[in-house]
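1. everything below, folded, please.
(chains A and B)
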Amino acid sequence: MAAQTAEKGADMALTERLQLEVERAVQRSLKGIELLGAPPPTVGQTPKTVLHRRGTLSLYHYHATADEIYRVPILFVMAPTNKAYIVDLAPGQSLIEFLLGRGYDVYLMDWSAPSDDERHLKIDDYVLDFIPDCLRRVQQDSGEPDVSLVAYCAGGMLSVMYQSLHPGGPVKNLVCLTTPVDFKKMELFQSMSDRRHFDVDKLVDSVGVVPASMVAAGFDALRPASRVAGQVRLWDNLWNDQFVKGFRMMERWGNETLPLPGGYFRQTVKELLWNNALHEGTLKIGGRLVDLAKIKVPLLHIVAQHDHIVPSACSKPLVERVGSRDKEEVTLPGGHVSIAAGANAVKRMWPKLDSWLETRST
Amino acid sequence: MSTSLIPDPLQMWRDAVTKLESNVNSLVTGSMESQEVVRSLHQFRTVSLGMEQAFEKAIGSYLSKVNLPSRKDIADLAATLQRIEDKLDRVLPPAVEAALAPRPPRTRRPPAPVATAPQSAAAKAAPAKPRRGTKRSGS
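-> Numbering: from 1, shown residues only, chains lettered A, B, ... in the order given. Take a look at the predicted model:
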């Protein structure tokens, strides 16, 4: 009797499954056609004002949504390789929207493709010009002398360099997300930029601005099959509107990888990848030595457990090296991107960032 | 559905895609440890970049002959427009709406730690943080 019931249950399940798959197949066909003519997904919808724009740099101020905000504003520093809308994908999936809702005053440094005139921009320009310029503008606009820097990936690296050179500056708190320090631990980037085979001077001299396709190819090479597998998964989930929406936003972000100024790229390869100068303490910016021990402000470093771009071994030395008394490293489940955007971020990273900042933002 | 005793072929296919992706990624990234592979990749990049530049040069010459703007001309024009916009941003006063919009006061305090908060009914009734606003409000 029991066997008969189980058999019947199995048959029912099989029927249901077949019916479901037929429905999904129909949906896939219909939505696949829709997708072909669909415009790019809308991103970065949180209301904002452009405070300043200069070449590759844009400084935004997001409109506060809380009735009462913390005294210390946040300046978010994005990595120059990517657009900042990864932290403002869509309503409900936006770190910026979350921070505004939690009562922070948020400013953001975003980047656009550098023009040919900007091919000579170096790390020095980002650290000694763009960041301090934006900090001054945030101070001026907010009327507050203190600012919290929150920075992602290479934006964190630039912010760390800035702070070590300006320990008495306006930065009150420093939050770094997946920030690389020990470049010897980026094994694949090390292989790809092996000085025995890679003539960076020849490349930069010939292209001026390193094309976005080349920068994106560098990232793709770390997981070469993932782009194709992603397309297969997209087809499999075409019936699921939420999946398609999320996938397309992330795909758009990946496709809009930015070109890099040749000077910045050359310095990154030579100083950071070849000489590991930030980790070794031999990096000079504007002729001054970058010493992480000079960073004394409260520091939070959020590391992704499954980061394939900045492995935890590469980012771990940051907290060990800085001179701050109030410092904390948190390793959260997730990858390099999903730590900032996505379900993992909403559940883990965003609340951690809020709870750390709220006591230090008054 | 989950009670079925019959294996789901689509789920098996999905698992296979994931496994294949992982294996290919491991194989390719593992091959990057080889000097020969890295050297070949750079040679390929150098050749393809050279070809791309030669092609762009040829196209540029052709466009010049037929009196059409090249990508560089358009980029230069865009850069000029950007410079004008930047100057306008500096010269023009901020938008009236943005300038006049009152900003909320910077008086927010973090919520009291849960462990030390008094367990009164009033404390329980009030949210730990002010409720999220939906509009800009005056100070």
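
2. residue B:87: neighbouring residues, count only.
-> Residue B:87 has 10 neighbouring residues, counting by other CB atoms under 10 Å in any protein chain shown. (Glycine included, C-beta is placed from N, CA and C.)

3. wait, does the helix or strand that contains it contact chain A?
-> In this structure, residue B:87 sits in helix B:71-91 according to DSSP states H and E. Yes - against chain A, helix B:71-91 shows contacts by CB under 8 Å from any CB of the partner chain at B:72, B:75, B:78, B:79, B:82, B:85, B:86, B:89.

4. what's the closest of these to chain A?
-> Comparing the residues of helix B:71-91 next to chain A against chain A with CB to the nearest CB places residue B:79 closest, at 4.8 Å.

5. tell me how many other residues surround the closest one.
-> As a measure of burial, residue B:79 has 15 neighbours, counting by other CB under 10 Å.

6. quick check: it touching residue A:117?
-> Yes - under the criterion of CB atoms under 8 Å, residue B:79 makes contact with residue A:117 at 6.5 Å.

7. look up the pLDDT of the residue nearest the centre of chain B for me, please.
-> Nearest to the geometric centre of chain B sits residue B:82, at 21.9 Å (CA atoms, centre = their mean). Residue B:82 is assigned 80 on the pLDDT scale.

8. before we move on, what about the one 3 residues further on?
-> At residue B:85 the predicted local distance difference test score is 81.

9. how is chain B divided into domains?
-> B:9-68, B:69-100 (automatic domain parsing).

10. quick one: closest of the ones you listed to residue A:167.
-> Nearest of the domains of chain B to residue A:167, taken as CB to CB: domain B:69-100 at 31.1 Å.

11. which residue packs closest to residue A:63, ignoring adjacent ones?
-> Excluding the flanking residues, the one nearest residue A:63 by CB to CB, 6 or more residues apart in numbering or on different chains is residue A:47, at 4.5 Å.

12. do a quick rundown of the helices in the stretch 51-200 of chain A.
-> A:95-101, A:123-125, A:131-142, A:154-165, A:187-192, A:200-207 (DSSP state H, counting those that start in this stretch).

13. mind listing what's buried along the third one?
-> Of all the residues in helix A:131-142, those buried under the rule 16 or more other CB atoms under 10 Å in any protein chain shown are A:131, A:134, A:135, A:137, A:138, A:139, A:141, A:142.

14. if we can go back for a sec, need the winner for burial among the helices of the stretch 51-200 of chain A.
-> Most buried of the helices of the stretch 51-200 of chain A, by mean neighbour count (mean count of other CB atoms under 10 Å in any protein chain shown): helix A:154-165, with a mean of 25.

15. what helices or strands is that helix leaning on?
-> Packing contacts for helix A:154-165, counted by 3 or more CB pairs under 8 Å, 6 or more residues apart in numbering or on different chains; DSSP states H and E, involve strand A:74-77, helix A:131-142, strand A:147-152, strand A:171-177, helix A:277-280.

16. okay, these in a markdown table with distance to chain B and mean pLDDT next?
-> Output for those, formatted as a markdown table (distance: least, CB to the nearest CB, whole Å; pLDDT from 0 to 100):
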| stretch | distance to chain B | mean pLDDT |
| --- | --- | --- |
| strand A:74-77 | 12 | 97 |
| helix A:131-142 | 8 | 96 |
| strand A:147-152 | 13 | 96 |
| strand A:171-177 | 13 | 97 |
| helix A:277-280 | 22 | 95 |
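
17. possible to save those as TSV with distance to residue B:111?
-> Supplementary listing: the helices and strands packed on helix A:154-165 in TSV, determined by distance: least, CB to CB, whole Å:
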stretch	distance to residue B:111
strand A:74-77	18
helix A:131-142	23
strand A:147-152	18
strand A:171-177	18
helix A:277-280	37
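
18. residue B:102: which of those is closest?
-> So among those, helix A:131-142 is nearest, using CB to CB, at 14.1 Å.

19. contacts for the closest one next, please.
-> With contact meaning CB atoms under 8 Å, 6 or more residues apart in numbering or on different chains, helix A:131-142 is reached by A:51-52, A:54, A:57, A:59, A:61, A:73, A:75, A:77, A:105, A:107, A:109, A:145, A:147, A:158-159, A:162, A:166, A:169-171, B:106.

20. mind saving the C-alpha coords of it as PDB?
-> What follows is helix A:131-142 as a C-alpha-only set of coordinates in PDB (Å, rounded to 0.1, in the frame of the first residue of the first chain):
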ATOM      1  CA  ILE A 131      40.600  62.700  -3.300                       C
ATOM      2  CA  PRO A 132      41.700  65.800  -1.400                       C
ATOM      3  CA  ASP A 133      39.800  68.000  -3.900                       C
ATOM      4  CA  CYS A 134      36.600  66.000  -3.300                       C
ATOM      5  CA  LEU A 135      37.200  66.000   0.500                       C
ATOM      6  CA  ARG A 136      37.400  69.800   0.400                       C
ATOM      7  CA  ARG A 137      34.200  70.100  -1.600                       C
ATOM      8  CA  VAL A 138      32.400  67.700   0.800                       C
ATOM      9  CA  GLN A 139      33.600  69.800   3.800                       C
ATOM     10  CA  GLN A 140      32.400  72.900   2.000                       C
ATOM     11  CA  ASP A 141      29.000  71.500   1.000                       C
ATOM     12  CA  SER A 142      28.300  69.800   4.300                       C
END
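
21. just to revisit the earlier point, if you average pLDDT over each of the helices of the stretch 51-200 of chain A, which comes out lowest?
-> helix A:187-192 (a mean of 86).

22. and that helix, what other elements does it pack with?
-> Checking 3+ CB pairs under 8 Å, 6+ apart, helix A:187-192 ends up next to helix B:35-65.

23. rerun that using 6 Å as the cut-off
-> If contacts are counted by 3 or more CB pairs under 6 Å, 6 or more residues apart in numbering or on different chains; DSSP states H and E, helix A:187-192 sits against no helix or strand.

24. chain center to it, what's the gap?
-> The chain centroid and the centroid of helix A:187-192 are separated by 20 Å under CA atoms, centre = their mean, to the nearest Å.

25. same question, stretch A:229-243
-> Taking CA atoms, centre = their mean, one finds the center of stretch A:229-243 at 24 Å from the center of the full chain.

26. anything in that stretch near chain B?
-> Yes - applying CB under 6 Å from any CB of the partner chain, one finds stretch A:229-243 touching chain B at A:229, A:232.

27. give the buried residues for that stretch.
-> A:229, A:230, A:233, A:234, A:236, A:237, A:238, A:239, A:240.

28. biggest separation within these, which pair?
-> It's A:229 and A:239 that sit farthest apart of these, by CB to CB, at 18.4 Å.

29. okay, the residue of the stretch 1-150 of chain A found nearest chain B: pLDDT?
-> Using CB to the nearest CB, the closest approach of the stretch 1-150 of chain A to chain B is made by residue A:13 at 3.5 Å. Residue A:13 carries a pLDDT value of 72.

30. kindly report the same for residue A:30.
-> On the pLDDT scale, residue A:30 gets 84.
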